[in-house]
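>>> structure, please.
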Amino acid sequence: METLHPEPGDIAYFDFPSDGVDRISHVGIVIEDNEDGTVWCIEGNTSSNKKGSQRNGGEACKQLRAFKKNKAGVMVSIVGFGRPKFKSGGAAKPAATATGACPTCGK
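This next block holds a predicted model:
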């Protein structure tokens, strides 16, 4: 079995437990691996309120998600990751800083 090592830019595939939908029903883009079984993702069509729909919430949000059991107690909802193959030739832009500011626009 392959060990999961998510990286910024990976696509996270979600199947939320107990939502009545037993299949991949949501995706997000990994922006940071916390190296504890959790990752920060940017997701569209989700909800910032945990009681709201996490797969059809109408917002774009930064979310803390888990892909394995973790000490933070974040529910495991990521079932896998995909890594897009981009054409080479362009320099990669730096990741967001620890403060969360975008290195391109500063917001």
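>>> leaving out chain neighbours, which residue sits closest to Gly82?
Ile11 (4.2 Å; Cβ to Cβ, 6 or more residues apart in numbering). No exception for glycine: its C-beta is placed from N, CA and C like everyone else's.
>>> residues near the one you found, how many?
Residues lying near Ile11 (other Cβ atoms under 10 Å) number 15.
>>> and the pLDDT for it?
pLDDT, Ile11: 96.
>>> same check on the one 3 residues further on?
In the predicted model, Phe14 carries a pLDDT score of 92.
>>> who's it bridged to?
His26, Ile78 (DSSP bridges).
>>> now Asp33
In this structure, Asp33 bridges to Val39 when assessed by DSSP bridges.
>>> thought it was touching Cys41?
No. Using Cβ atoms under 8 Å, Asp33 makes no contact with Cys41, being 10.4 Å away.
>>> out of the two, which sits in the more crowded spot?
Cys41 (24 against 18).
>>> how about that one: what's its closest non-neighbour residue?
Spatially, and ignoring its direct neighbours in sequence, Cys41 is nearest to Gly28 (3.4 Å; Cβ to Cβ, 6+ apart).
>>> so where do the strands sit in this structure?
11-14, 26-33, 38-46, 59-66, 78-82 (DSSP state E).
>>> what's next to the fourth one, contact-wise?
Under the contact criterion Cβ atoms under 8 Å, 6 or more residues apart in numbering, strand 59-66 has outside partners 12, 14, 28, 31, 37-48, 54, 72, 74-78, 100.
>>> what residue is smack in the middle of the protein?
Cys41 (2.9 Å; Cα atoms, centre = their mean).
>>> no further queries at this time; thank you.
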